[in-house]
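> Mind folding the following:
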Amino acid sequence: MKTPETIEHSRLLTNRLSIHYDRTWLEEYQQRVDSNGPWDPWSLFQLAYEAELAQKIESFDNLQALAHLPSLEPMPHQIETARKVLHEMRGRAILADEVGLGKTIEAGLILKEYMIRGLVKKALILVPASLVLQWVRELNQKFGIPAVAQKKEYMWETNAVVVASMDTAKRDPHRSIVNGIDYDMLIIDEAHKLKNKKTTNYQFVNSLRKKYCLLLTATPIQNDLGELFNLITLLKPGHLGGQGSFQSNFVVDKRIPKNEGQLQEELSKVMIRNRRRDGGISFTQRRVNNILLELSPEEMKLYQGVTDFVRGRYQEAGGNMSSVLSLVTLQREVCSSRDAVFVSLVNLFKKTAEDSPVRQQIWELVEIIKGIEANTKAEKAMELLSKINDKTIIFTEYRASQEYLLKFLKDNGISAVPYRGGMNRGKKDWMMDLFRNRAQVLVATEAGGEGINLQFCHHMINFDLPWNPMRVEQRIGRVHRLGQENDVSIYNLSTKGTIEEHILSLLHEKINMFELVIGELDVILERMERKSTLESDLMKLVLEAESEEDIRHRLDKLGHSIQHVRETVEQEIGPMLSVLSGVPGSVIEQAGGQR
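Numbers count the residues shown, from 1 in each chain. Okay, the predicted model is just below:
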């Protein structure tokens, strides 16, 4: 029943509103009816009808993006994560899934959803330089998002979705351009690198104007609870209060939290952390095979000759590491192939003064190379490939070894294709297609350890091993990841009586390299590398050791120090990770993580 007040209100509204009716369509329609045309084809009507259906939103709660992903079927936990970010976190979240659960897919799904809803038109994605092309490829191919890799200054403004490295974006003249743009969405990969608010990276990201923001990291806490505070403040300033109130409310010691229940509740408003153990998502096993090979007498003679040559140069340099770094590579190359060390020796010969006695020493090593007719490692790789009889990726650090292997495999009737850093994107994609559909073997240099996914392959041969454990894990991560349906077989080739044998022992036994989670390894190495890198420690160790026994003793000592750091990290991080354990995941816990 209308009261006098509501009637008066309606009258006032009517007096204020001016209503106009557009009847031009009706007049045109009547003319066509009278003259029986012209009428548009039925096919155009069908297309228009289908277009309207495609834009129809059945429910605001449903993800519209799912109907626009013909080449991707996200897993339930990824879909639920996108829903949470959209409906509960309003587009600002830390995606803190454990390694390998698909944070990139979650971020792409969220970005696609916001773009379809018209809420995001301009997006910036900052990632490590080595991952720029991978992000571009996945956004283009899996999500149909027209992302581009930043190359020229004008691209910041002319492209809707730009993927760039943090180092490029924060550097002039790019910094001022990026700071002048209003972004609808900002996505940061490897966001744990922003943990220190005093760094230029943190300050740069904090200065960016963004409506929505996603921070991706498997390790939101590495050293102390302050890192977590900094990340959340970057994402949502004031969410945990100021620095002082956070310390008094939630921190006993920098690594020991208090009021965990309240802190977990606050974290759950801005963070999603899916875990492998929560059920449903299981990774296949890594089957590690360490194969120790006996070099031929000629190959061992070359190794010993190169070792004496390098140590001699180090002693002449008075123990100055920087002056012989390039020479240490010789010792690593000789464990890979005669071809790799030959190229380096020839280049060194050209750079050496004609009257230097070093030239004669180099030439003597070249003469030894001429007497080597076989490659023990290549023959073993060939034997393994014959037994495997399936797709296999072979990793080597050196271009010359890669070229040798390609020819050796071809001569033995094995189809193989190369993959290396010098290739442009088009050629890399072509090589991947050939490997997927035709070739049995992909021979990759270190560039193959970054930015490619090879779940269709589950055999990997490390023809030679990097001295940086993170690069070993990157290699393995190309095949052992979410979506891999088979156990992964890893074959590590090492040569008896050489530095390689000791390095493999360090990686496998002391660091437990092949079973660690990469996030844990990251923290361990960071703690160790405050003064020097593991690689430089190994180089110095090799150069200064007086014998094989001395090398073994020094490596054991280094291994014990690594184990000590690992135990310390586990003790210190344990209480902090207990906070994250209370942060809810998504559908893994609720629906058992069914695919």
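> Could you tell me which ranges of the stretch 251-400 of the chain sit under the pLDDT cut-off?
Counting by pLDDT under 70, the stretch 251-400 of the chain contains low-confidence ranges at 277-282, 319, 321-326.
> can you give me the helices in it?
Here the stretch 251-400 of the chain has its helices, by DSSP state H, counting those that start in this stretch, at 260-267, 297-316, 325-334, 338-351, 357-370, 376-388, 399-411.
> among the ones you listed, which is the most enclosed?
Neighbour counts (mean count of other C-beta atoms under 10 Å) averaged over each of the helices of the stretch 251-400 of the chain peak at helix 325-334, with a mean of 20. Every C-beta, even on glycine, is put in place using the N, C-alpha and C of the backbone.
> gap between it and the chain center?
28 Å (C-alpha atoms, centre = their mean, to the nearest Å).
> Check which helices and strands it sits against.
helix 297-316, helix 338-351, helix 534-544 (3 or more C-beta pairs under 8 Å, 6 or more residues apart in numbering; DSSP states H and E).
> Quick one: mean pLDDT for the shortest one?
Spelled out, that is helix 534-544. The average pLDDT within helix 534-544 is 75.
> Now do the buried residues in that helix.
L534, E535, S536, D537, L538, M539, K540, L541, V542, L543 (16 or more other C-beta atoms under 10 Å).
> coming back round to it: so for D390, which of the helices and strands packed on helix 325-334 sits nearest?
helix 338-351 (26.8 Å; C-beta to C-beta).
> Break down the stretch 51-200 of the chain into its helices, ranges please.
76-87, 103-116, 132-143, 155-158, 166-169, 174-179, 200-207.
> Among these, which comes closest to T498?
Here helix 132-143 is closest among the helices of the stretch 51-200 of the chain (C-beta to C-beta), at 34.2 Å.
> on that earlier part again, so can I have JSON lines of the helices and strands packed on helix 325-334 showing distance to I461?
Shown next, in JSON lines, are the helices and strands packed on helix 325-334 (distance: least, C-beta to C-beta, whole Å):
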{"stretch": "helix 297-316", "distance to I461": "19"}
{"stretch": "helix 338-351", "distance to I461": "16"}
{"stretch": "helix 534-544", "distance to I461": "22"}
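> Kindly state which of those is positioned closest to L26.
Across the helices and strands packed on helix 325-334, closest to L26 is helix 534-544 (C-beta to C-beta), at 78.6 Å.
> give me the number of residues near L86?
22 (other C-beta atoms under 10 Å).
> Wait, it touches L111, no?
No: if you go by C-beta atoms under 8 Å, L86 and L111 don't touch, sitting 11.0 Å apart.
> on that earlier part again, now render the helices of the stretch 251-400 of the chain as TSV, adding distance to G118.
Output for the helices of the stretch 251-400 of the chain, formatted as TSV (distance: least, C-beta to C-beta, whole Å):
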stretch	distance to G118
helix 260-267	31
helix 297-316	63
helix 325-334	54
helix 338-351	55
helix 357-370	65
helix 376-388	51
helix 399-411	48
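> Indicate which one of those is closest to V488.
Nearest of these (C-beta to C-beta): helix 376-388, 12.2 Å.
> Run the chain-centre distance for the closest one.
That offset, for helix 376-388, works out to 30 Å (C-alpha atoms, centre = their mean).
> relative to helix 297-316, how tilted is that helix?
Put simply, helix 376-388 runs at 130 degrees to helix 297-316, going by axes from the mean of the first three to the mean of the last three C-alpha atoms, to 10 degrees.
> ok, H458 to P237 distance?
Distance of H458 to P237, given as C-beta to C-beta, to the nearest Å: 45 Å.
> rewinding a little: which stretch among the helices of the stretch 51-200 of the chain comes nearest V270?
Judging those by C-beta to C-beta, what sits closest to V270 is helix 76-87, at 9.8 Å.
> which other helices and strands contact that closest one?
strand 92-95, helix 103-116, strand 271-272, helix 587-591.
> These into JSON lines, with extra columns for distance to T495 and mean neighbour count?
Conversion of these to JSON lines gives the following (distance: least, C-beta to C-beta, whole Å; neighbours: other C-beta atoms under 10 Å):
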{"stretch": "strand 92-95", "distance to T495": "43", "mean neighbour count": "26"}
{"stretch": "helix 103-116", "distance to T495": "37", "mean neighbour count": "24"}
{"stretch": "strand 271-272", "distance to T495": "46", "mean neighbour count": "24"}
{"stretch": "helix 587-591", "distance to T495": "44", "mean neighbour count": "18"}
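> Go through those and find the least confident stretch.
Ranked by mean pLDDT, those bottom out at helix 587-591, which scores a mean of 37.
> just checking, T217 touches H192?
Yes: T217 sits in contact with H192 when judged by C-beta under 8 Å, with a separation of 4.2 Å.
> shared neighbours of these two, anything?
Residues touching both T217 and H192 (C-beta atoms under 8 Å, 6 or more residues apart in numbering) are L231.
> domain parsing for this structure?
64-274+583-591, 297-370, 376-576 (automatic domain parsing).
> The helices and strands packed on helix 76-87: which one's closest to E549?
Of all the helices and strands packed on helix 76-87, helix 103-116 sits nearest to E549, with 46.2 Å by C-beta to C-beta.
> quick one: that closest one to helix 132-143, angle?
Using the same axes, to 10 degrees: helix 103-116 against helix 132-143 is 60 degrees.
> ok, and what's touching helix 103-116?
With contact meaning C-beta under 8 Å, 6+ apart, helix 103-116 is reached by 63-65, 68-69, 72, 74-75, 78-79, 81-82, 85-86, 91, 95, 97, 120-121, 123, 135, 138-139, 142-145, 161, 184-185, 187, 189, 212, 214, 216, 218.
> in the stretch 401-550 of the chain, which spans are strands?
For the stretch 401-550 of the chain, the strands defined by DSSP state E, counting those that start in this stretch occupy 416-419, 441-444, 459-462, 488-495.
> Counting by contacts, list what the last one packs against.
I take that to be strand 488-495. Against strand 488-495 (3+ C-beta pairs under 8 Å, 6+ apart) you get strand 286-293, helix 376-388, strand 459-462, helix 499-505.
> From the chain's centroid, how far away is it?
On C-alpha atoms, centre = their mean, the centre of strand 488-495 falls 23 Å from the chain's centre.
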